[in-house]
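1. My questions are about this predicted structure, shown below with the sequence.
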Amino acid sequence: MGPYLITILLMSLGLGTTIVLSSHHWMLAWMGLEINALAMIPLIAQKSHPRPVEAATKYFLTQAAAAMVILFAAIMNSWTTGEWSTDFTIQPLPMTILSLGLAMKIGLAPMHFWMPEVMQGMNLTTGLILATWQKLAPFALLIQIVPNDSKILMPLGLLSILAGGWAGLNQTQLRKILAYSSIAHMGWVSIIITFSQPLATLTLLMYFITTASAFLLFNMMKATNIGSLATCWSKAPIATALSPMLMLSLGGLPPFSGFMPKLLIIDELTKQQLGVLATLAVLFTLFTMYFYLRIAYSLSLTLSPNNLSGTTPWRFTNKLPTLPLAIAATLSITLLPLSPTLIALTSS
């Protein structure tokens, strides 16, 4: 795929997200979601191989089904209220159907089965776009439609945390592990979005930063499965030494940045008299911590059985840009002391 075509597709992704973020009409928001999905399909199938084509087909079918559900809910709400504006109060039944359609868009359980299969069929760069940028438009719509008394997203979020951790335990493919990690993190966002939208925004922002560092690290190492991580020390010793901290931050352990949103979410759920929900969410997160620690162990404490007879790979010039990884890794590790500032920025 040529650079001009990739540029057009990336601009289409930006255009679709911008339309959704700036729209006040459900038909216009639906069009933005469709532009996003249609621009993503050629990026997934950019290699002439059956696996990317299969992933693109699965992505198209699931996104088309989700778009149909969203459009049906918008038409039902318009038929009931006579309004197409996203600012207008949505009736309970269309709101529930809209929430389920948007949940399918971002990969919430139990509508999450498409995401690991699609992620496995694409390269890590496209996977980064799917795991981060493609969440923005559905998340913006969820913020607008979910009222304070809605309870539909809390069970979906708790189920996503459980499904993302449980299904990722026996995975060896890094792209599938990151897909299940995305499902679990979206569960945390869904749990708190009903009570505190600024906190949900902060959680999504921290997820973007920590996930970007993981994708960029694996892309620089050219690693696609856990077994290939044993040779990473010879390719980038410094990045390999920092990788356990990135994985622990992705899992939400202190004193790293990923601990911040989980602590604030637990505090908010406790204030809302939902201590049982907070306890279950923390317990289910232990499943995801297992495969994060497994990746960290493979990266930093496992050596390749083959001895290098020539020049070590880290001495060769790396053609990939390392500045994005350096920025994402630094933010993933050091943002916890800036928690009050970030909370103030997302609340304003």
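-> In hand now; what should we look at?
2. who touches stretch 169-182?
-> With contact meaning CB atoms under 8 Å, 6 or more residues apart in numbering, stretch 169-182 is reached by 107, 115-116, 118-120, 122, 124, 127, 131, 163-165, 167-168, 207, 211, 214-215, 218, 223-227, 229, 250, 287-288, 290-292, 295. In this view, the C-beta of every residue, glycine as well, is placed from N, C-alpha and C.
3. Only whichever of those are buried, select them in ChimeraX.
-> The ChimeraX command for the buried members of these (criterion: 16 or more other CB atoms under 10 Å) is given here:
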select :107,115,116,118,119,120,122,124,127,131,163,164,165,167,168,207,211,214,215,218,223,224,226,229,250,287,288,291,292,295
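4. List the ones among the contacts of stretch 169-182 that fall in helices.
-> 115-116, 118-120, 124, 127, 131, 163-165, 167, 207, 211, 214-215, 218, 250, 287-288, 290-292, 295 (DSSP state H).
5. Please identify the buried residues of stretch 340-348?
-> For stretch 340-348, a neighbour-count test (16+ other CB under 10 Å) marks L342, I343, T346 as buried.
6. Off-centre distance for that stretch?
-> From the chain centre to the centre of stretch 340-348 is a distance of 21 Å (CA atoms, centre = their mean, to the nearest Å).
7. just stretch 116-131 next, same as before
-> That offset, for stretch 116-131, works out to 11 Å (CA atoms, centre = their mean).
8. for it, how far is the first residue from the last?
-> Chord length of stretch 116-131, first to last residue, is 11 Å (CA to CA, to the nearest Å).
9. Quick one: mean pLDDT for it?
-> The average of the pLDDT scores along stretch 116-131 is 93.
10. neighbouring contacts of that stretch?
-> Counting by CB under 8 Å, 6+ apart, 13, 40, 43-44, 46-47, 51-52, 54-56, 58-59, 62, 115, 167, 173, 175-176, 178-180, 182, 211-212, 215-216, 218-219, 224 sit against stretch 116-131.
11. Any of those buried? List them.
-> Buried among the contacts of stretch 116-131 by 16+ other CB under 10 Å: 13, 40, 43-44, 46, 52, 54-56, 58-59, 62, 115, 167, 175-176, 178-180, 182, 211-212, 215-216, 218-219, 224.
12. Which of those fall in strands?
-> Counting by DSSP state E, the buried ones among the contacts of stretch 116-131 place none of their members in strands.
13. So in the chain, which helix runs the longest?
-> helix 50-81.
14. Check which helices and strands that helix is in contact with.
-> Applying 3 or more CB pairs under 8 Å, 6 or more residues apart in numbering; DSSP states H and E, we find helix 50-81 packed against helix 26-44, helix 92-106, helix 114-120.
15. closest one to D267 among those?
-> Among those, the nearest to D267 by CB to CB is helix 92-106 (24.2 Å).
16. Also compute the angle for that closest one relative to helix 26-44, please.
-> Helix 92-106 and helix 26-44 meet at an angle of 20 degrees, taking axes from the mean of the first three to the mean of the last three CA atoms, to 10 degrees as the criterion.
17. Need the residues that contact helix 92-106.
-> 33, 62-63, 65-67, 69-70, 72-74, 76-77, 80, 90, 111, 134-135, 137-139, 141-142, 145-147, 150, 152-153, 156, 186, 190.
18. Give me the mean pLDDT for it.
-> 90.
19. pLDDT weak spots in this protein?
-> 147-150, 303-318, 348 (pLDDT under 70).
20. Break it down into its domains, please.
-> Residue ranges for each domain of the chain read 1-139, 146-304+320-348, as given by automatic domain parsing.
21. Can you show me the helices along the stretch 201-348 of the chain?
-> 237-251, 259-271, 275-300, 323-334, 339-347 (DSSP state H, counting those that start in this stretch).
22. among those helices, which is the most enclosed?
-> helix 237-251 (a mean of 21; mean count of other CB atoms under 10 Å).
23. What number of neighbouring residues does W26 come out with?
-> W26 is flanked by 25 other residues according to other CB atoms under 10 Å.
24. re the thing from before, between the helices of the stretch 201-348 of the chain, which gets nearest to M1?
-> helix 323-334 (20.8 Å).
25. ok and the closest one relative to helix 237-251, angle-wise?
-> Using the same axes, to 10 degrees: helix 323-334 against helix 237-251 is 50 degrees.
26. just checking, what packs against helix 323-334?
-> Partner elements for helix 323-334 (3+ CB pairs under 8 Å, 6+ apart): helix 197-221, helix 237-251.
27. Just want to check the distance between L269 and L158.
-> Per CB to CB, to the nearest Å, L269 is found 11 Å from L158.
28. Need the overlap of contacts for these two.
-> Common neighbours of L269 and L158 (CB under 8 Å, 6+ apart) are I191, L277, A281.
29. Ignoring the adjacent residues along the chain, who's closest to the first one?
-> Nearest-residue entry for I191: G157, 3.8 Å, with adjacent residues in sequence omitted and distances by CB to CB, 6 or more residues apart in numbering.
30. tell me which element that neighbour is part of?
-> helix 153-167 (DSSP states H and E).
31. For that helix, enumerate the helices and strands it packs against.
-> helix 92-106, helix 174-192, helix 275-300.
32. hmm, back to that, now restrict the contacts of helix 92-106 to buried residues only.
-> Buried by 16+ other CB under 10 Å: 33, 62-63, 66-67, 69-70, 73-74, 76-77, 90, 111, 134-135, 137-139, 141-142, 145-146, 152-153, 156, 186, 190, out of the contacts of helix 92-106.
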